[in-house]
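Trainee: only geometry, no sequence info:
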């Protein structure tokens with residue numbers, strides 16, 4: 001059985017309050033099914049990158065990251081990569097996009113607010 005090895009990395013922005021007390025996990029869509037969630041980081045800090053190495057049965061078609069502990073303390077990130085591919089990058093760079101109601105919140109996850117997604121899926 002062949003596997004696809006890759007490194008998943010998410011970068012916390014350096015925007016005030018972008019850090020979180022939550023535990024962030026990542027899962028991958030492989031051959032039409034989600035893998036088990038793997039912990040990326042507990043308590044992400046401002047302006048810090050977090051990586052995990054993953055071995056998958058095939059190349060993923062999507063990935064999802066979310067809080068795995070029900071945390072309601074938002075997390076702001078500015079970049080997401082898988083191996084050598086950038087999957088999401090804030091045009092504001094590491095400065096990050098603000099957490100604000102009624103705006104584009106593609107760079108935050110938060111279980112406690114309806115205007116901010118509780119998870120992000122990237123294809």
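Mentor: Okay, I see it. Note that the structure is a prediction, hence the values are computed from the model and not measured.
Trainee: Let me know whether residue 97 touches residue 90 as I believe.
Mentor: Yes - the pair residue 97 and residue 90 qualifies as a contact (CB atoms under 8 Å) at a distance of 5.4 Å. In this view, the C-beta of every residue, glycine as well, is placed from N, C-alpha and C.
Trainee: what touches both of these two?
Mentor: 13, 78, 107 (CB atoms under 8 Å, 6 or more residues apart in numbering).
Trainee: tell me the pLDDT at the second one?
Mentor: Same thing as residue 78. On pLDDT, residue 78 comes in at 96.
Trainee: Shouldn't it be within a helix?
Mentor: No - assessed with DSSP: H, G, I helix; E, B strand; the rest coil, residue 78 is strand; it does not lie in a helix.
Trainee: Would you confirm that it contacts residue 90?
Mentor: Yes - counting by CB under 8 Å, residue 78 touches residue 90, with 4.1 Å between them.
Trainee: Settle it for me: which of those two has more neighbours?
Mentor: Neighbour comparison, residue 78 and residue 90: the larger count goes to residue 78, with 23 against 20 (by other CB atoms under 10 Å).
Trainee: Excluding sequence neighbours, find me the nearest residue to residue 18.
Mentor: Excluding its sequence neighbours, the residue lying closest to residue 18 (CB to CB, 6 or more residues apart in numbering) is residue 76, at 3.3 Å.
Trainee: Mind listing the residues bridging to that neighbour?
Mentor: With DSSP bridges as the criterion, residue 76 is bridged to residue 108.
Trainee: Could you count how many residues lie near it?
Mentor: The tally of other residues near residue 76 (other CB under 10 Å) stands at 26.
Trainee: Run through the residues that contact it.
Mentor: Residue 76 neighbours (CB under 8 Å, 6+ apart): 12-13, 15, 17-18, 96-97, 99, 107-108.
Trainee: Could you check how far it is from residue 25?
Mentor: With distances taken as CB to CB, to the nearest Å, residue 76 is found 17 Å from residue 25.
Trainee: quick revisit: output the shared contacts of residue 97 and residue 90 in CSV, with distance to residue 61 appended to each entry.
Mentor: Formatted as CSV, the shared contacts of residue 97 and residue 90 follow (distance: CB to CB, whole Å):
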residue, distance to residue 61
13, 27
78, 24
107, 22
